[in-house]
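Participant: show me how the following folds:
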Amino acid sequence: MTTADPTVEDSEDEPTLKLEVETAELSAVPLRVEDLEKRFGGITAVDGASFEVERGTITGLIGPNGAGKSTTFNCITGFHRPDAGSVYFDDEDVTGRAPHELARAGLVRTFQIARELGEMTVMENMMLAPKNQSGETLWRSVLPGTRDGVRDQETVNLERTWRTLEFFELDHLWNEQAGNLSGGQRKLLEMARVLMTDPKVVLLDEPLAGVNPSLEARLLEHLHELADRGYTFLLVEHDMDVIMEHCEHVIVMHQGKVLAEGEPAAIRDNEEVIDAYLGEDV
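Facilitator: Reported below is the predicted structural model:
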């Protein structure tokens, strides 16, 4: 793996992140859940949930503790196999597929607690993420005539990594061990690493938990810019101000079911939603 200073040639233009989502080929509703059910013994965690996530949006998924949000995330992304119902990604039934298969297809997730490789540098964490790396095949890495292709691909991935780190304002930490980053920086790194996998839809599990206000503002700014570029986000977040101010559409779960969905203003005034939150102001 390349360990030299990855600085690329300076440009008068601001660093940009090339959009990898081919929006013309992506369904207008890239993620659809129909009648999803998941039980653990005698407990029904998800009970017939159905909803859609439109392309290029930031959609909020909210609900009280125990509403079934995390289990729904796990069923969508292959960490749990649903007991009933279907998950459609880009109009294809992907119910029960393994997480790595879904990630290769472009359906990826982050976790509430960032899962960086702490003893590796920020750059090394990023360089592991791209799919279909030739260097992962031993014979291509060592045989004459094939190594040049591996080097060329690594050069492309290195420049893309550097630009992505610039986009998230992490470039100055490129050689820092990921385990030394603050909680907010780890969340930014996780998001940056996700983008290196060429995702189409990203499920974010409480991406702002433990993030200071300054980094929170930066992360939200990045999410909006990425959504404008065609990326699609489904966001679980307990901060209702964030949901109401930054999501175009909100889905509310309660006791494993979809209780309500709609624009933030409609959700804020929904009596059933207010009751589900025990009278809290949402």
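Participant: residue nearest the middle of the chain, spatially speaking?
Facilitator: In the chain, the centroid-proximal residue (CA atoms, centre = their mean) is V202; its distance is 3.3 Å.
Participant: got the phi and psi for it?
Facilitator: For V202, the backbone dihedrals are phi -120, psi 130 (criterion: degrees, to the nearest 10).
Participant: repeat that for R55.
Facilitator: Main-chain dihedrals, R55, degrees, to the nearest 10: phi -60, psi 140.
Participant: is it true that it touches F89?
Facilitator: No. Taking contacts as CB atoms under 8 Å, R55 lies outside contact range of F89: 11.9 Å. To be clear about C-beta, it is placed using only N, CA and C from the backbone, and glycine gets the same treatment.
Participant: how about the strands in the stretch 101-250 of the chain?
Facilitator: Here the stretch 101-250 of the chain has its strands, by DSSP state E, counting those that start in this stretch, at 107-109, 201-205, 232-236, 249-254.
Participant: got the ones you listed as a markdown table, with distance to Y277 and mean pLDDT columns?
Facilitator: Shown next, in a markdown table, are the strands of the stretch 101-250 of the chain (distance: least, CB to CB, whole Å; pLDDT from 0 to 100):
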| stretch | distance to Y277 | mean pLDDT |
| --- | --- | --- |
| strand 107-109 | 25 | 91 |
| strand 201-205 | 20 | 92 |
| strand 232-236 | 15 | 94 |
| strand 249-254 | 9 | 95 |
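Participant: what touches both of R55 and F89?
Facilitator: P30 (CB atoms under 8 Å, 6 or more residues apart in numbering).
Participant: what's the burial count for H254?
Facilitator: 20 (other CB atoms under 10 Å).
Participant: contact partners for the closest residue to it other than its chain neighbours?
Facilitator: Closest residue to H254 apart from its sequence neighbours, by CB to CB, 6 or more residues apart in numbering: A276 at 4.4 Å. Residues near A276 by CB under 8 Å, 6+ apart: G63, P64, A67, V252, H254, L259.
Participant: was I right to think the second one contacts H254?
Facilitator: Yes. Here P64 lies in contact with H254, judged by CB under 8 Å, at a distance of 6.6 Å.
Participant: low pLDDT regions in the protein?
Facilitator: 1-26, 112-115, 118, 129-153, 278-282 (pLDDT under 70).
Participant: domain ranges for it, per the record?
Facilitator: For the chain, automatic domain parsing gives the domain ranges 24-116+197-276, 119-180.
Participant: quick check: which of the ones you listed is buried the most?
Facilitator: Comparing the domains of the chain by mean neighbour count (mean count of other CB atoms under 10 Å), domain 24-116+197-276 comes out on top with a mean of 18.
Participant: gap between that one and the chain center?
Facilitator: The chain centroid and the centroid of domain 24-116+197-276 are separated by 9 Å under CA atoms, centre = their mean, to the nearest Å.
Participant: packing partners for the strand or helix carrying V33?
Facilitator: Assigned by DSSP states H and E, V33 belongs to strand 31-40. Contacts defined by 3 or more CB pairs under 8 Å, 6 or more residues apart in numbering; DSSP states H and E place strand 31-40 against strand 43-53, helix 69-76, strand 84-89.
Participant: out of these, nearest to G184?
Facilitator: helix 69-76 (21.3 Å; CB to CB).
Participant: now that closest one against strand 201-205, angle please.
Facilitator: If you take axes from the mean of the first three to the mean of the last three CA atoms, to 10 degrees, helix 69-76 sits at 150 degrees to strand 201-205.
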